[in-house]
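Undergrad: Could you look at this predicted model? Sequence included:
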Amino acid sequence: MKKFYLVLLTIFAFLFLITFYNMTAAKKQIQQYQVLVKAYEMYINKNANFESFVKENNIKELEYLLNNNNRK
């Protein structure tokens, strides 16, 4: 009977670790998307700090907007 509980506990521990890893990865991705959305909002509103925000947060997806000649 002790082996059964040990196996059951091991399975639940393994499932907890998988869930914890997935949640931390999702949290990190959500934070990256929040920064990206904030940068897009700054671009749309023509905020003067847009360029420094993109460089500060190392947002490679928006580097093409820094050289956009239409933005004035």
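TA: Arrived safely, thanks for sending. Numbers count the residues shown, from 1 in each chain.
Undergrad: List the buried residues in stretch 38-55.
TA: 39, 42-43, 50, 53-54 (16 or more other C-beta atoms under 10 Å). All C-beta spots, glycine's among them, are computed from the backbone N, C-alpha and C.
Undergrad: cool, and stretch 57-65?
TA: 59, 62, 65.
Undergrad: roughly how far is it from the heart of the chain?
TA: Centre-to-centre, stretch 57-65 and its host chain are 14 Å apart (C-alpha atoms, centre = their mean, to the nearest Å).
Undergrad: Can I get that stretch in PDB? Just the C-alpha atoms.
TA: Output in PDB follows, covering the C-alpha atoms of stretch 57-65 (Å, rounded to 0.1, in the frame of the first residue of the first chain):
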ATOM      1  CA  ASN A  57      12.800  47.200 -23.700                       C
ATOM      2  CA  ASN A  58      14.700  45.700 -26.700                       C
ATOM      3  CA  ILE A  59      11.600  45.200 -28.800                       C
ATOM      4  CA  LYS A  60      12.900  43.800 -32.000                       C
ATOM      5  CA  GLU A  61       9.500  43.400 -33.500                       C
ATOM      6  CA  LEU A  62       9.000  47.200 -33.700                       C
ATOM      7  CA  GLU A  63      12.500  48.300 -34.900                       C
ATOM      8  CA  TYR A  64      11.100  48.700 -38.400                       C
ATOM      9  CA  LEU A  65       8.900  51.500 -37.100                       C
END
